[in-house]
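Colleague: Need a 3D model of the sequence below.
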Amino acid sequence: MQPTGGVYGRETLKEIADIAVDNDILVLSDEIYEKIIYDKDHISIGSMDGIHDLTITVNGFSKAYAMTGWRLDT
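Modeller: Prediction:
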């Protein structure tokens, strides 16, 4: 699957969150490009009511901070 560069707005995210909550479905949210969205605000689905505990957020440093190749261990 290829990345599309699409960014969902608040209304679409709310619809997805409602379905996930109603059906107890985990949501995987790829937010690697959140710092480089220029034409609209970034909205995380995990910040919406009721969905926080069902959301797994994937993010990183390489895209936003030009750290390609760096590895951070915890």
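Colleague: mind listing the strands for this structure?
Modeller: 27-30, 55-58 (DSSP state E).
Colleague: Just checking: what are the partner strands of the first one?
Modeller: Looking back up the chat, that one is strand 27-30. strand 55-58 (parallel) (DSSP bridges).
Colleague: could you dump the strands of the chain to CSV with distance to Ala17 and mean neighbour count?
Modeller: C-beta coordinates here come from the backbone N, C-alpha and C atoms, glycine included. Output for the strands of the chain, formatted as CSV (distance: least, CB to CB, whole Å; neighbours: other CB atoms under 10 Å):
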stretch, distance to Ala17, mean neighbour count
strand 27-30, 7, 14
strand 55-58, 8, 13
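Colleague: Mean pLDDT and distance to Met48 for those - can I get that in a markdown table?
Modeller: Shown next, in a markdown table, are the strands of the chain (pLDDT from 0 to 100; distance: least, CB to CB, whole Å):
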| stretch | mean pLDDT | distance to Met48 |
| --- | --- | --- |
| strand 27-30 | 92 | 10 |
| strand 55-58 | 94 | 9 |
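Colleague: Out of the ones you listed, which is closest to Arg71?
Modeller: strand 55-58 (15.8 Å; CB to CB).
Colleague: Among the strands of the chain, which comes closest to Gly5?
Modeller: It is, among those and with distance given as CB to CB, strand 27-30, at 11.4 Å.
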